[in-house]
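1. For reference, the sequence and a predicted model appear below.
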Amino acid sequence: MKTPLLKLTSLVMLLVLAGPAFAQEEEDLLDILVKKKVITQEEYDQLRRQYQKRPVPLPAPEPAAPPKPTTTEPAPETTAVTAEEASDVTVITQGALRGRTRDSAFIFQLGGRLLIDGAVYDSDVQSLGNGAEIRSARITLEGTVWNVWDYELEVDFAENAVDIKDAWLEYREFEPIAIQTGNYKEPFSLEEITSSKYITFMERALPNLFAPSRNLGVGVRIWREQWTGQLGVFGEGLDANEDREEDQGFGVTGRFTYAPILEEERLIHLGAAGSYRRTGDNDVLRFRSRPESHVTNVRLVDTGDIVDVEDIARAGAEAAVVWGPFSLQGEYIRTHLDRDSGFSDLAFDGYYVYGSWFLTGESRPYDDEKARFQAVLPKSIVGRGGYGAWEVALRYSGLDLEDEDIQGGEEDNLTVGLNWYPTRNIRFMANYIHADSERLGMEDDPHVFQIRSQIVLE
Amino acid sequence: MKTPLLKLTSLVMLLVLAGPAFAQEEEDLLDILVKKKVITQEEYDQLRRQYQKRPVPLPAPEPAAPPKPTTTEPAPETTAVTAEEASDVTVITQGALRGRTRDSAFIFQLGGRLLIDGAVYDSDVQSLGNGAEIRSARITLEGTVWNVWDYELEVDFAENAVDIKDAWLEYREFEPIAIQTGNYKEPFSLEEITSSKYITFMERALPNLFAPSRNLGVGVRIWREQWTGQLGVFGEGLDANEDREEDQGFGVTGRFTYAPILEEERLIHLGAAGSYRRTGDNDVLRFRSRPESHVTNVRLVDTGDIVDVEDIARAGAEAAVVWGPFSLQGEYIRTHLDRDSGFSDLAFDGYYVYGSWFLTGESRPYDDEKARFQAVLPKSIVGRGGYGAWEVALRYSGLDLEDEDIQGGEEDNLTVGLNWYPTRNIRFMANYIHADSERLGMEDDPHVFQIRSQIVLE
Amino acid sequence: MKTPLLKLTSLVMLLVLAGPAFAQEEEDLLDILVKKKVITQEEYDQLRRQYQKRPVPLPAPEPAAPPKPTTTEPAPETTAVTAEEASDVTVITQGALRGRTRDSAFIFQLGGRLLIDGAVYDSDVQSLGNGAEIRSARITLEGTVWNVWDYELEVDFAENAVDIKDAWLEYREFEPIAIQTGNYKEPFSLEEITSSKYITFMERALPNLFAPSRNLGVGVRIWREQWTGQLGVFGEGLDANEDREEDQGFGVTGRFTYAPILEEERLIHLGAAGSYRRTGDNDVLRFRSRPESHVTNVRLVDTGDIVDVEDIARAGAEAAVVWGPFSLQGEYIRTHLDRDSGFSDLAFDGYYVYGSWFLTGESRPYDDEKARFQAVLPKSIVGRGGYGAWEVALRYSGLDLEDEDIQGGEEDNLTVGLNWYPTRNIRFMANYIHADSERLGMEDDPHVFQIRSQIVLE
């Protein structure tokens, strides 16, 4: 008696598929069936218990309608995905639009982001130029094909120009090891690796100019419960290709992180990264930085062109602590340049440290696969009766671009930040920055007030 | 007997879910069940009646498959959307692809447009240059997150260049009041506010050069049954940011409309708009206009650079009438420039008026929330045995760019238009324009014949 | 007895809807029903047989939830698509995301491609510049509206610049005749017409510079079982529009193909194409070619500017053979220029021939509607326990840009290629090229080694 009974479960599951519309009905059916004597009282009881315990079953598959017979869409053969597999897609939207086959063999997500900034400057020496801009306007395709092949293609259109961001392919068959190729961030600096969607202040700290950021390359990464390692070989970035008659330079970059504490809302993150790069036919380098504000184009510190650079070595140390709603984060980066033609070597460095506090009790979430921070999830939502998440933050950063003959200047910035996250997708930010710079004997200490409206589709 | 019977409804509803494939079967099942004596004849009759009356029930929800366990996709907490909500998505396509959660809390739409133009010129004095171009090629993301947050990100790629169009975020919790920020059209001029997808002629009329169009700003709008009001503060547009060392100018713009008649296919629309803008560090302005044809780059009227502009005041009056297949529309715009350095003030103006007639009986539809026209819906469709909608139209427009020392010229255009809408998404347009211009004593009166093929995905 | 029995099928179909989760259960239900005596053993047997034979039924329709009442989304009238039609969408993803209404009246697909190249040059005379680049990064919208209107909008962002590729609208009511307008490839050259996603080597052969490729135009195509014909009138390309004061040139291009053998894995393809173009106000032409490698910008052969060109006539002959895993393909193209101002006429030509062999037994698939090759489908998949498809190929190509006063040079290239297709969407390519060029008496014979990582979302 028991076997057919268990199998009758399928009938109930079926009804469950009918969902909320049948909120009461699915159990009522059992009433009917037992009354009709189609099932016994025993069966009834057992099914009821089973039903109440069982997870909601997966939805019905949606087999493809017979495709329009066009030869441009060849029918997959043998090992190709079947029409049934390909069309058994669950669609999700929480901002982005995501389609996923039942078995997650194929995932496709279309998302994007829009960051709108405004800035008012209390200029000191140089005029910084009040105004507004679209800081970032991106469309992002990302997903998985055939289980183990991940990809991303993200293009930014800010300033009415094309800027390809992430554009890579990753092979994940041997997780937790993945092999990646394309345009992606060299593994260097916690703040750089954390997406601009999730950084705590509107712009990254002053020493961020030392991080290599995205270049075309190939690399491997590995992640374990508490640690991650990443290593890659990188050519030059996309804009380096303009003169294609010169050999590009290339570099090797690696990052290693360890999280001695990695709990829900509690984290200690430690990391170190190193990068060695040989210049190609183009051996000119320049380091310069805006005052942690992007509306202006003025750089208070600027080395100008440094010629005859043979190689660049970078080292970075990073640490972060999350303790419930509180967090601390800091980095130190040092960059060493070897020059030929008798020029002496150069060393520049910078650091930052900051703290953040969620007044509303949220905690900065950590992505332990990539050892970086990710999206804050407000405890209450504007649009569902809540008031969102509120965060205050304070940062101090310093940068020294002076060494030997290079007088790039020094700058120290103090930033106060206030962030409001009405929902997971939306954030409003306000930053007040006091910059304190000196270059070629001239002090330039402007104040900046800037705000951002941000929506992220993911 | 009645209660279990009613509950059996759930079984029938379930079958209804199987949809058209069961067009007959769902009722046939009742036949089976009654024959099998699982239900009585009474029950059968009642269920049949119920079935025939009842609306088609909502489909089964699609609970998300357990997500791929990756820490980059954090599980939403507490107030976050649940997996069930996010994945209970209805997908629609009538051109664009749209996903919508059951409760419409999240909507995501991907669409676009493609406008392909060709023009032949019967030049008079200046050569206008026959040719073809892609007038517009846009990709558009738009939608809603968390019920009350709307957004749009639209990028145009025509002329192989990036041109961010709408890029904004809107908060609609307190409808019919909405607060908007980002890059969007300043509320000025009915023809400007009406999307280029829906304007009656291929290009907007001559005085359109006075409309401020899109700029970065923040504003509020309110709409009621018969009237709308919109007000905003705007910085400069996206291309104004090139030199970031100068302060941007800013302006305040408002528009108010009233529709004394607002019925199905009958409309009287009246509107007035005003705009006041102070220039920033860049105080140079230029007004010029193509002859309502975009393939050429020649401007028959052109003020050249007007320097030392302190502020710009604009005023516009607009009216439109729709009476079944007939419609009339007209606007008058006046622009006043204050100059310093002893230059005298300037005033320019322009107007247009046009009529349109749908030979096939359609009527121009009005968007009463935004007080503008929207997509024409053909009564018959090419591709479904119909011949589409056909519209003829006639426009007269005038522009005067002469005042004081500025000899920008005068132009009057007469345009005859023929539009064919084979479907809601597709439109073919043909325009014949006779331009009549005079500048610096030289008359230049070319004739233009131009056509457009347009597809809109929305 | 038979009729109700057949109708019970609907019950089974319903269960089938519950899909893989019911892999066993759907037949088990029959067990239950027969045991419960709801159906007889006869019925049971027949249903089982039926079930095993029958195609998977269509999924339940998803009637749209009542749309958010906003006037910007007008309710379709009369002949407009109904909400039910529009929302009865099957979503598929095998890389791209595709939504299709039940009746295929509306199809919407979002896809793209990413090609990442690296090249190392053993330069001879001119330095070619080792490096890496994103060769192609495209986002593609394509689909159908109202049954008979197809469209595509594809934008490439490689080199951080916009390059609109396919952007067209096609009317297919009278299949097998279609009318197309927009930016698309002039019908000339098998290798040109075959998508860069599917060509056998990383770059097309040397004579490809003679193919007109994409221009704005309008044309007609017809296809039958074994032959195709295509003819169009084309203006100039998108970048030709920069100076809009000049008249554009235009041309007429046609291609005819015949496949005397067109079987599964067996093909003989023959084709001929011709193109005649009159230059517009811009009568300067230039032919030049990279050495079948795109990372470098160096052209070993280059005619320089050829002025006073009145018209260009091109003729091409093409042939291809597929015999199981083996294939051969070759083309010859001749270009004739008429010049005025007393310059003598010019003729240039080029050809290529290549063979390919799938070591793993796949066969090059042919698109008989467009007479070109399409995506290779590996017999085994990496990510599903397989090793993918492996192909080796060898090509010889020649180009002669010397005639009369024009000393553009001659080049012959030999290429060895190895392709690995781990899945249908992904391909890794390695090419070794030995170029043999002579121009102005100088020989320049570099060697090229280049690799590509490619992912295609379609």
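-> That came through fine. These numbers were taken from a predicted model, which means no experiment stands behind them.

2. What are the buried residues along stretch A:436-448?
-> In terms of neighbour count (16 or more other C-beta atoms under 10 Å in any protein chain shown), stretch A:436-448 has its buried residues at A:436, A:437, A:438, A:439, A:444, A:445, A:446, A:448. Bear in mind the C-beta positions are built from the backbone N, C-alpha and C, glycine included.

3. so what does the helix or strand hosting the first one touch, helix or strand wise?
-> Pointing back at residue A:436 there. Element membership of residue A:436, judged by DSSP states H and E, is strand A:426-439. In this structure, strand A:426-439 makes packing contacts with strand A:301-302, strand A:406-421, strand A:442-444, strand A:447-457, judged by 3 or more C-beta pairs under 8 Å, 6 or more residues apart in numbering or on different chains; DSSP states H and E.

4. what about the shortest one and chain B, touching?
-> No: using C-beta under 8 Å from any C-beta of the partner chain, strand A:301-302 stays clear of chain B, coming no nearer than 14.0 Å.

5. Check what contacts that strand and list those residues.
-> A:286, A:287, A:288, A:289, A:399, A:401, A:408, A:409, A:410, A:411, A:437, A:439 (C-beta atoms under 8 Å, 6 or more residues apart in numbering or on different chains).

6. The last one and residue A:400 touch, don't they?
-> No: taking contact to mean C-beta atoms under 8 Å, the distance of 11.2 Å between residue A:439 and residue A:400 leaves them out of contact.

7. For residue A:289, name its beta-bridge partners.
-> Beta-bridge pairing for residue A:289 (DSSP bridges): residue A:301.

8. what about the strands in the stretch 201-350 of chain A?
-> A:214-223, A:227-234, A:250-263, A:266-278, A:288-289, A:301-302, A:309-323, A:326-339, A:346-358 (DSSP state E, counting those that start in this stretch).

9. Just send these back as JSON lines, with mean pLDDT and mean neighbour count too.
-> Putting these into JSON lines (pLDDT from 0 to 100; neighbours: other C-beta atoms under 10 Å in any protein chain shown) gives the following:
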{"stretch": "strand A:214-223", "mean pLDDT": "97", "mean neighbour count": "21"}
{"stretch": "strand A:227-234", "mean pLDDT": "98", "mean neighbour count": "20"}
{"stretch": "strand A:250-263", "mean pLDDT": "97", "mean neighbour count": "18"}
{"stretch": "strand A:266-278", "mean pLDDT": "98", "mean neighbour count": "19"}
{"stretch": "strand A:288-289", "mean pLDDT": "96", "mean neighbour count": "20"}
{"stretch": "strand A:301-302", "mean pLDDT": "97", "mean neighbour count": "22"}
{"stretch": "strand A:309-323", "mean pLDDT": "97", "mean neighbour count": "19"}
{"stretch": "strand A:326-339", "mean pLDDT": "98", "mean neighbour count": "20"}
{"stretch": "strand A:346-358", "mean pLDDT": "98", "mean neighbour count": "20"}
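
10. Nearest approach to residue C:262 belongs to which of those strands?
-> With distances scored as C-beta to C-beta, the stretch of these nearest to residue C:262 is strand A:214-223 (41.2 Å).

11. Pull out the CA atoms of that closest one and give them to me as CSV.
-> Output of strand A:214-223 as CSV, limited to C-alpha atoms (Å, rounded to 0.1, in the frame of the first residue of the first chain):
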residue,chain,number,x,y,z
ARG,A,214,42.3,45.7,-15.7
ASN,A,215,44.6,44.4,-18.4
LEU,A,216,44.4,41.6,-21.0
GLY,A,217,45.8,38.5,-19.5
VAL,A,218,45.5,34.9,-18.4
GLY,A,219,45.6,33.6,-14.9
VAL,A,220,44.6,31.1,-12.3
ARG,A,221,42.8,31.4,-9.0
ILE,A,222,42.1,29.1,-6.2
TRP,A,223,39.9,29.6,-3.1
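
12. what's the spacing between that strand and its chain's center?
-> Strand A:214-223 sits 15 Å away from the centroid of its parent chain (C-alpha atoms, centre = their mean, to the nearest Å).

13. ok, now which ones touch the residue nearest the centre of chain A?
-> Nearest residue to the geometric centre of chain A (C-alpha atoms, centre = their mean): residue A:195, 3.7 Å. Listed by C-beta under 8 Å, 6+ apart, the contact set of residue A:195 reads A:372, A:374.

14. shaky segments in the stretch 301-450 of chain A?
-> Applying pLDDT under 70 to the stretch 301-450 of chain A picks out no residues at all.

15. What residue in it comes nearest to chain C?
-> residue A:383 (13.7 Å; C-beta to the nearest C-beta).

16. Touching, that residue and residue B:174? I think so.
-> No: the criterion here is C-beta under 8 Å, and residue A:383 misses it with residue B:174 at 11.4 Å.

17. the more surrounded of these two?
-> More crowded of residue A:383 and residue B:174, by other C-beta atoms under 10 Å in any protein chain shown: residue A:383, with 19 against 11.

18. just checking, the residue of the stretch 301-450 of chain A closest to chain C is part of a helix?
-> No: the assignment for residue A:383, made by DSSP: H, G, I helix; E, B strand; the rest coil, is coil rather than a helix.

19. So what's the model's average confidence on stretch A:172-191?
-> Per-residue pLDDT values over stretch A:172-191 give a mean of 97.

20. Ends of it, what's the gap?
-> Stretch A:172-191 has an end-to-end distance of 25 Å (criterion: C-alpha to C-alpha, to the nearest Å).

21. Is chain B within reach of that stretch?
-> No: if you take C-beta under 8 Å from any C-beta as the test, stretch A:172-191 misses chain B, and the best it gets is 9.8 Å.

22. Check the gap between residue A:387 and chain B for me.
-> Distance of residue A:387 to chain B, computed by C-beta to the nearest C-beta, to the nearest Å: 11 Å.

23. neighbours around that residue, how many?
-> Neighbours of residue A:387 using other C-beta under 10 Å come to 13.

24. How about it: what's its closest non-neighbour residue?
-> With sequence-adjacent residues excluded and distances taken as C-beta to C-beta, 6 or more residues apart in numbering or on different chains, residue A:387 is closest to residue A:380, at 5.8 Å.

25. Surely the one you found and residue A:360 touch.
-> Yes: contact criterion C-beta under 8 Å: residue A:380 and residue A:360 qualify, at 7.3 Å.

26. anything in stretch A:446-458 sitting right up against chain C?
-> No: using C-beta under 8 Å from any C-beta, stretch A:446-458 never reaches chain C; the gap is at least 13.9 Å.

27. Tell me how many other residues surround the closest residue to residue A:448 other than its chain neighbours.
-> Closest residue to residue A:448 apart from its sequence neighbours, by C-beta to C-beta, 6+ apart: residue A:433 at 4.1 Å. Applying other C-beta under 10 Å, we find 24 residues neighbouring residue A:433.

28. shouldn't residue A:433 be in contact with residue A:292?
-> Yes: between residue A:433 and residue A:292 there is a contact at 5.4 Å, judged by C-beta under 8 Å.

29. which neighbours do those two share?
-> A:413, A:415, A:448.

30. what about the first one, distance to residue A:208?
-> Spelled out, that is residue A:413. For residue A:413, the distance to residue A:208 equals 12 Å [C-beta to C-beta, to the nearest Å].

31. who has more neighbours, these two?
-> Set residue A:413 next to residue A:208 and count neighbours by other C-beta under 10 Å: residue A:413 wins out with 25 against 21.

32. and that one, bridged to which residues?
-> Assigned bridge partners for residue A:413, using DSSP bridges, are residue A:397, residue A:435.

33. give me every residue that touches it.
-> Going by C-beta under 8 Å, 6+ apart, residue A:413 touches A:205, A:206, A:291, A:292, A:395, A:396, A:397, A:398, A:433, A:434, A:435, A:436.

34. are any of these buried, and which?
-> Applying 16+ other C-beta under 10 Å to the contacts of residue A:413 flags A:205, A:206, A:291, A:292, A:395, A:396, A:397, A:398, A:433, A:435, A:436 as buried.

35. Cool, thanks, talk later.
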